[in-house]
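Novice: Whatever this is, show me its structure:
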Amino acid sequence: MGWLGKVFGGTFGLMLGGPLGALLGAAIGHQFDRGVEGFESFPRLEPGRHQRIQMAFFTATFSVMGHLAKADGRVTEAEIAIARQIMDRMDLSSEMREAAIRLFREGKSPGFPLDETLDQFRQEIGRRSSLVRLFLEILLQAAYADGTLHPNEERLLLHICNRVGFSRFEFQALRAFMEAQLRFSQAQQQYRYQRQSRYQGTPGKRQPSLGDAYAVLGVTPKATDAEIKKAYRRLMSQHHPDKLVAKGLPEEMVKIATEKTQKIRQAYEIIQRHRKR
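Specialist: Sure thing, here's the model as predicted:
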């Protein structure tokens with residue numbers, strides 16, 4: 001269990017402050033009440049810089065995700081399902097999962113302090129651009145839960161990007177990357193289903209295409225081998241789990257980064273196989 005997991009287990013006290021601290025306190029305050037009663041011998045621990053980033057990332061991710069889910073007027077079952085799916089993929093403890101759900105609900109509330117939350121998140125994260133990128137990738141994944149990006153969701157995402165120092169150009173590139181990853185993942189899932197199906201009449205499903213693989217790496221088929229390798233290494237560096245954890249990604253959320261590196265590597269391998277023919 002990482003440091004953040006111990007916090008949610010009620011072993012330590014919490015001092016984060018600001019809107020993020022208020023949100024996190026509202027989400028897990030009952031855990032701290034229980035912790036204080038049950039662990040009086042443990043000192044209250046003020047988190048260091050690394051731990052503050054972990055708490056800020058976790059809190060902002062699920063609360064802003066809840067706010068984004070309501071941007072198109074209503075929270076759909078698909079959006080709730082994707083939020084729970086992300087929690088499942090993180091393999092959160094029961095306490096952390098309950099807190100994530102509460103944060104998601106806080107984000108849906110009318111009085112949610114979006115700008116103040118984003119401002120503190122940016123302040124806590126500092127210049128760790130790879131964490132900001134992963135934060136936005138998770139939000140985009142949630143926004144595409146129903147298959148499309150609603151205009152209101154896009155406007156809100158652009159506002160979020162502006163608040164955390166992510167340019168419109170960077171957002172459009174990230175959007176293209178996420179759409180390619182989604183197509184790539186869907187094609188993989190369909191292909192696996194076809195191979196595992198016992199029914200001969202199952203409709204044919206395609207494997208991830210070469211075009212999808214190029215799009216995942218953010219390059220075109222005209223790119224040179226050197227340009228493709230450079231793009232691959234840049235994306236792998238941006239999503240490397242160990243590097244992200246070192247910068248403050250909660251250990252409990254590392255599976256998200258691991259899955260992304262796997263997709264990037266698979267896309268690169270498809271291109272390499274094609275070019276060696």
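
Novice: Every contact and neighbour count from this point should use C-alpha atoms.
Specialist: Fine.

Novice: Mean pLDDT per element in the protein, and the minimum belongs to which helix or strand?
Specialist: helix 3-8 (a mean of 55; mean pLDDT, DSSP states H and E).

Novice: And Ala180, how close does it get to His50?
Specialist: 32 Å (CA to CA, to the nearest Å).

Novice: again with Arg183
Specialist: Counting by CA to CA - Arg183 and His50 are separated by 35 Å.

Novice: Give me the residues contacting the helix or strand that contains Val254.
Specialist: Per DSSP states H and E: Val254 is located in helix 254-275. With contact meaning CA atoms under 8 Å, 6 or more residues apart in numbering, helix 254-275 is reached by 86, 89-90, 134, 181, 184-185, 210, 212-214, 216-217, 232, 235-236, 239-241, 245.

Novice: now, which of those residues lie within strands?
Specialist: Judged by DSSP state E, the contacts of helix 254-275 include no members of strands.

Novice: Could you look up the SS state of Gly111?
Specialist: coil (DSSP: H, G, I helix; E, B strand; the rest coil).

Novice: Next, give phi and psi for it.
Specialist: phi -90, psi 20 (degrees, to the nearest 10).

Novice: what's the burial count for it?
Specialist: 8 (other CA atoms under 10 Å).

Novice: And Thr220, by the same measure?
Specialist: What Thr220 shows, counting by other CA under 10 Å, is a neighbour count of 13.

Novice: ok, now how distant is it from Leu210?
Specialist: Taking CA to CA, one finds Thr220 at 10 Å from Leu210.

Novice: Gly48 too?
Specialist: Gly48 is 45 Å from Leu210, by CA to CA.
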